[in-house]
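A.B. asks: The following comprises the amino acid sequence and a computationally predicted model.
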Amino acid sequence: MSVVAPAPTRPPYAPLRGVAGTLFATDHKAVAGRTFVLAFVFFLGGGVLALLMRTELMAPGMQVTSRTGYDEMFSMHGATMIYLFVTPVALALGTYFVPLQVGAAEIAGPRVNLLGFWLYALGGLIVWLSWFPRNGAGQAAWTAEYPFSDSTSLPGTGMDIWIVGVSLATVGAILWAGCQLATIVARRAPGMTLLRMPVFTWAMLATCLMTVASFPSLLGAMGGLLLDRHGVEVFPGAGGAAAYQHLFWFYGHPVVYTMFFPFVGVALEILATFSRRRVFGYKGVALSLLAFAALSSAVWGHHMFTTGQVSNLYFSLTSHMLAVPAGMEYVAAIGTLIGGALLLRTPMLFALGFFAQFLIGGLTGIYVASPPLDYHVHDSYFVVAHFHYTLFAGSVFGLFAAIYHWWPKVTGIMLGERLGKLQFWLLVLGTNLTFFPMFLVGYDGMPRRVADYRASDGWTGLNLLETLGSYVVALGMLAFAANVVASWLAARPAGPDPWGGQTLEWATSSPPPRHNFDGPLPPIRSAEPLMDLRGVPEASR
Amino acid sequence: MRGRSAALVVAAWGLANLALATLMFAFTTDLMSHVVYWLAVVFVLAIAVPAWFARDPPRRRLPEASAGTLAVAVGLAFLALGAALGIWAVLMGVAGVLVGLAVLGMERWIR
Amino acid sequence: MQAVYLPVALAVVVVVWVLIGFAVVRYRAGRHDTPRPTRDRNALEIAIATLLAAIVAGLVAVTFSANARETENDDPVRFRVEALAYKWGWQFTYPSLPGVVDRTTESRPPILHVPAGTTVEVVLRTQDVTHAFWVPAVRFKSDAWTGAVNRFRVVFPPGDHLSGHCAQYCGLRHSDMTFTVHAMGAAEFRAWARRATGRPA
């Protein structure tokens, strides 16, 4: 039930190989691929840090590292995961698939896109080089908490280098988002009106709008911090410290949505594909993605409820409002499943897990949107649980959904089903075992960013459970690595459309040729052109 | 494909943010809260302008590779590090960016 | 507040998980092999969006009124504490008890002495970077903000060892910046105050 790509009409393309290819190739698919691989290297680094931290926190007392060592670990864990793993990988999905989904031969501004990759790569390298100097490893947490991050508390080049690395990586992200935005604006194939774009492309449109609107604010915070560390009084007094937080969190909230939207887009497409029907509530999805993205720029002060420096009421109001567009996306997901003919392959399992688990993160987000409730749990493990449910139980599950779904397209071979299912169940077990108890221990009074706690606090049992959970997560990741190796050895060819896909990327070979499509595109008369070709009735929208 | 419809979406999104930023006035007049938001609103609305005029460019050769891009990236990295490491890094950065721009120019126009 | 938010959240989780579970069981290929063509139901979607907006409005109303109760609370302050946070410890002084200081020492965290069951105002400052004063037993924390004074009112439940923590990462000994609250009944508190200021019993 798949669509065969038209026979090639041009001489075979010989891609730029070897070192030159890795360094210089401008093909958006190659750039996205490199971003993906590098992001996973950082994921490994950040993950090892997590395991070390969890091992340290297994019991009271310092067994694994020193206090400074722990502070460096959690700072680098957060910075690596946010600046160097999830944000780049989320954007990279768009770098690869937006041009394909809109029927374009290449992304808009391929050299700018490549520049984005190199700024990210160099930035990431520089962030990790900051381990070496004194006071390095961004010890002030991924947020560079001010005034703790100034030159009084953390003198020396270590913090400076970290700031530069983070800034470069962020410029890279902005460039990627700009290129994707330009592609969506001006490179859609004839017939692809906005309301015929795939759901994932709508998600990337919203993502890129958020990214270009808010990421520059981080550059302001980081630039100001760097100047401040070198004698210019950029953030004086109470107002200055608040200004830093405004600049930081105006970026710091939308970035977590940048790390979520691409996955919600691909998860909805997976739900549709593996339910073998068109997505339900397409227009509602497009509208709620845009509304969700707009609101995301209006809520940043909810990170500052306990400071006494912002209007708690305004930010509480806007934060609560997020529940409406978020809920509408769940309506689309459930409405797509009901009436389908569900195939529970690995991509579908991860997509279902994404929706089921993200819900806990999202609802605890509404909980902390209420200042009186937040006053208790802010800066405690409750919040750590909240954002790991959204980012790990949510986004990372969504990432693996995307990987299992699109791996055949990108590599031309299939990933194994049995190892995929093993990975899924290990991750479900490990993730919930690690992060659910954190709600309890945080509510009970365990602050975050603590290298140690006392036996008398009574948190040892739950912490032990969380640590065991983290080892199960590690096993799940090993299962994934095993799957990658095993499937590469088995090399089962995927063909252009192994899943019965609905959107244009499945109308070309796996992997796609250099200019994405050899020969004419299928006619684009709906948001699911391949369903049209199969004669599936159009959705009444 | 013309950019008009997408530009309208960008502008509408900018206006949604404008509405939310305006709503903030009912709650607070704190300067920084407003400055960060309004700067972003203006930026987004500004993006809608070139988006309106955008169209699929005429047929031209797409690049396969760009060494100039890497050179510019390395140059920018050194420039940024100059803030932390000192003037030597800034000079190397300037050199890198200039070399990179020259190579980019050759890639783009000398064929 | 809890009594509203938690049940709402739980209800949403149950509804969503049951629906997903139902779909996975009822519409699994093998049980339901022919997918139904998608038909959007705009009226249903608008109805659900309206319901969600109503729930949000309700939660916002609950939060705003709790907030108003706090800010408009003019219960007289029975006792005032001046709390100073620094890297890495606490210093508590009591304006009505001159000379009495509870401060972090090398060997142990300080004890904050307060009367239980009455309105205590804490005047919170920092000597250096941002810290935060958190007593989980009262479900409240406030940042100690650089260059500012954050005042808040708390009613402490009675207790000999209510734990207190610094809840804003501040460097090396952040996790050691603990304190204990000793919240005493009226008579016991008066006795402590007399002893602490050195007045005769």
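C.D. replies: Looks like it came in fine. None of these values were measured; they are calculated from a predicted model. Residues are numbered from 1 along each chain as shown, chains lettered A, B, ... in the order given.
A.B. asks: doesn't A:Gly158 make contact with A:Arg229?
C.D. replies: No - judged on C-beta atoms under 8 Å, A:Arg229 makes no contact with A:Gly158 at a distance of 10.9 Å. For the C-beta atoms, the positions are set from N, CA and C on the backbone; glycine is no exception.
A.B. asks: Please give me every residue in contact with residue 96.
C.D. replies: Since no chain was named, I'll use chain A. For A:Tyr96, the contacting residues are A:28-29, A:32-33, A:36, A:406, A:410, by C-beta atoms under 8 Å, 6 or more residues apart in numbering or on different chains.
A.B. asks: Hmm, no, I was thinking of chain C.
C.D. replies: Contacts of C:Ser96 (C-beta under 8 Å, 6+ apart): C:79-80.
A.B. asks: 6 Å - rerun?
C.D. replies: Taking C-beta atoms under 6 Å, 6 or more residues apart in numbering or on different chains, we find C:Ser96 in contact with no residue.
A.B. asks: Mind checking what secondary structure it has?
C.D. replies: Classification of C:Ser96 using DSSP: H, G, I helix; E, B strand; the rest coil returns coil.
A.B. asks: quick one: it from chain A, how far?
C.D. replies: Computed as C-beta to the nearest C-beta, to the nearest Å, the C:Ser96 to chain A distance reads 24 Å.
A.B. asks: need the residues of chain B near chain A, please.
C.D. replies: B:1, B:3, B:5-6, B:13, B:16-17, B:20, B:24, B:27-28, B:32, B:36, B:40, B:44, B:51, B:54-56, B:62-67, B:69-70, B:73, B:77, B:80-81, B:83-84 (C-beta under 6 Å from any C-beta of the partner chain).
A.B. asks: Among those residues, name the ones in helices.
C.D. replies: Taking DSSP state H as the definition of helices, the residues of chain B next to chain A contribute B:5-6, B:13, B:16-17, B:20, B:24, B:32, B:36, B:40, B:44, B:51, B:67, B:69-70, B:73, B:77, B:80-81, B:83-84.
A.B. asks: Show the pLDDT at the residue in chain B positioned nearest to chain C.
C.D. replies: Nearest to chain C, among the residues of chain B, is B:Phe27, at 11.1 Å (C-beta to the nearest C-beta). According to the prediction, B:Phe27 has pLDDT 97.
A.B. asks: which residues touch it?
C.D. replies: B:Phe27 neighbours (C-beta under 6 Å, 6+ apart): A:311, A:313-314.
A.B. asks: With adjacent residues omitted, what lies nearest to it?
C.D. replies: Leaving aside its chain neighbours, B:Phe27 sits nearest to A:Tyr314 (3.7 Å; criterion: C-beta to C-beta, 6 or more residues apart in numbering or on different chains).
A.B. asks: The one you found falls within a helix, correct?
C.D. replies: Yes - assigned with three-state DSSP, A:Tyr314 falls within a helix.
A.B. asks: what's the burial count for it?
C.D. replies: 22 (other C-beta atoms under 10 Å in any protein chain shown).
A.B. asks: How about C:Gly185?
C.D. replies: C:Gly185, neighbours per other C-beta under 10 Å, totals 12.
A.B. asks: Roughly how far does it sit from chain A?
C.D. replies: Taking C-beta to the nearest C-beta, one finds C:Gly185 at 23 Å from chain A.
A.B. asks: okay if I get the contacts of A:Tyr96 as CSV plus secondary structure?
C.D. replies: What follows is those, written out as CSV (three-state DSSP):
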residue, secondary structure
A:His28, helix
A:Lys29, helix
A:Ala32, helix
A:Gly33, helix
A:Phe36, helix
A:Trp406, helix
A:Val410, helix
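A.B. asks: which one among those residues gets closest to chain C?
C.D. replies: A:Trp406 (21.6 Å).
A.B. asks: Against B:Ala21, how distant is the closest one?
C.D. replies: 37 Å (C-beta to C-beta, to the nearest Å).
A.B. asks: Please apply the same query to A:Leu363.
C.D. replies: Counting by C-beta to C-beta, the gap from A:Leu363 to B:Ala21 is 27 Å.
A.B. asks: For the two, work out which one has more neighbours and name it.
C.D. replies: Neighbours were counted for A:Leu363 and for B:Ala21 using other C-beta under 10 Å; A:Leu363 has more, 22 against 18.
A.B. asks: secondary structure element for the residue nearest to the more buried one when sequence neighbours are not counted?
C.D. replies: Ranked by C-beta to C-beta, 6+ apart and with sequence neighbours excluded, the top spatial neighbour of A:Leu363 is C:Ala9, at 4.3 Å. Per DSSP states H and E, C:Ala9 falls inside helix C:2-26.
A.B. asks: what's the distance between that helix and the middle of its chain?
C.D. replies: 27 Å (C-alpha atoms, centre = their mean, to the nearest Å).
A.B. asks: residues of that helix that come out buried?
C.D. replies: C:4-5, C:8-9, C:12, C:16, C:19-20, C:23-24 (16 or more other C-beta atoms under 10 Å in any protein chain shown).
A.B. asks: List the contacts of A:Lys421.
C.D. replies: Taking C-beta under 6 Å, 6+ apart as the test, what A:Lys421 contacts is A:Thr346.
A.B. asks: gap between it and chain C?
C.D. replies: Applying C-beta to the nearest C-beta to A:Lys421 and chain C gives a distance of 15 Å.
A.B. asks: Would you double-check that that residue falls in a helix?
C.D. replies: Yes - counting by three-state DSSP, one finds A:Lys421 located in a helix.
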